[in-house]
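Peer 1: Generate coordinates for the sequence data below:
(one chain, ligands or ions: 1)
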Amino acid sequence: MLIAQHQSQVPNTRETLEALPGVGRKTANVILNTAFGEATIAVDTHLFRLGNRIKLAPGKTVLEVEKQYLKTIPPAFMQDAHHLLILHGRYTCTAIKPKCAQCCIEDLCEYQAKEYAPPKPKQKTQP
Ligand code: SF4
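Peer 2: This next block holds a predicted model:
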């Protein structure tokens with residue numbers, strides 16, 4: 001379809017992107033944001049979890065969370081927000097046992113069930 005209908009170019013509108021096989025709203029948002037610099041954000045499993053957990057973008061559906069992110073994230077950060085949040089969700093604010101003790105936004109986060117590793121047992125000293 002790209003070759004036959006779009007002169008071998010990736011289209012730059014949501015409607016045209018979503019008409020391509022396998023392209024849904026999330027993929028269209030990634031392309032519009034990353035390739036064309038539009039103020040969109042793709043909500044995957046990490047962004048959905050973080051939006052609700054941190055209260056950055058609470059919502060019951062992916063679309064609700066996406067709309068909340070668009071309201072919350074300042075325009076200057078829209079270009080990289082998707083990638084930064086994915087990395088935060090993948091490596092720090094993980095689905096199971098988030099690494100709250102090592103988290104750079106721990107003081108800002110409103111999550112009520114933060115996870116902290118138990119303190120290390122004291123080493124016995126030799127008599
Ligand atoms: S403090 Fe914990 S729950 Fe909050 S963002 Fe950081 S890792 Fe996630």
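
Peer 1: confidence score at E115?
Peer 2: On pLDDT, E115 comes in at 84.

Peer 1: Oops, could you answer that again for P127 instead?
Peer 2: Reported pLDDT at P127 in the predicted model: 65.

Peer 1: Ok, L87 next?
Peer 2: 97.

Peer 1: Buried ones in the helix or strand hosting it, by neighbour count?
Peer 2: According to DSSP states H and E, L87 maps onto helix 78-91. By neighbour count on 16 or more other Cβ atoms under 10 Å, the buried set for helix 78-91 is M78, A81, H82, L85, I86, H88, G89. Backbone N, C-alpha and C define where each C-beta goes, glycine included.

Peer 1: cool, stretch 53-67 as well?
Peer 2: R53, I54, L56, A57, G59, V62, E64, V65, E66.

Peer 1: Could you check which helix or strand contains the third one?
Peer 2: Element membership for L56 (DSSP H and E) is empty, with no helix or strand holding it.

Peer 1: my read: it touches L50, true?
Peer 2: Yes: taking contacts as Cβ atoms under 8 Å, L56 lies within contact range of L50: 6.4 Å.

Peer 1: before we move on, back to that, I'd like the buried residues of stretch 53-67 laid out as JSON lines, including secondary structure and distance to the ligand.
Peer 2: Putting the buried residues of stretch 53-67 into JSON lines (DSSP: H, G, I helix; E, B strand; the rest coil; distance: Cβ to the nearest ligand atom, whole Å) gives the following:
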{"residue": "R53", "secondary structure": "helix", "distance to the ligand": "6"}
{"residue": "I54", "secondary structure": "coil", "distance to the ligand": "5"}
{"residue": "L56", "secondary structure": "coil", "distance to the ligand": "9"}
{"residue": "A57", "secondary structure": "coil", "distance to the ligand": "13"}
{"residue": "G59", "secondary structure": "coil", "distance to the ligand": "17"}
{"residue": "V62", "secondary structure": "helix", "distance to the ligand": "19"}
{"residue": "E64", "secondary structure": "helix", "distance to the ligand": "20"}
{"residue": "V65", "secondary structure": "helix", "distance to the ligand": "15"}
{"residue": "E66", "secondary structure": "helix", "distance to the ligand": "19"}
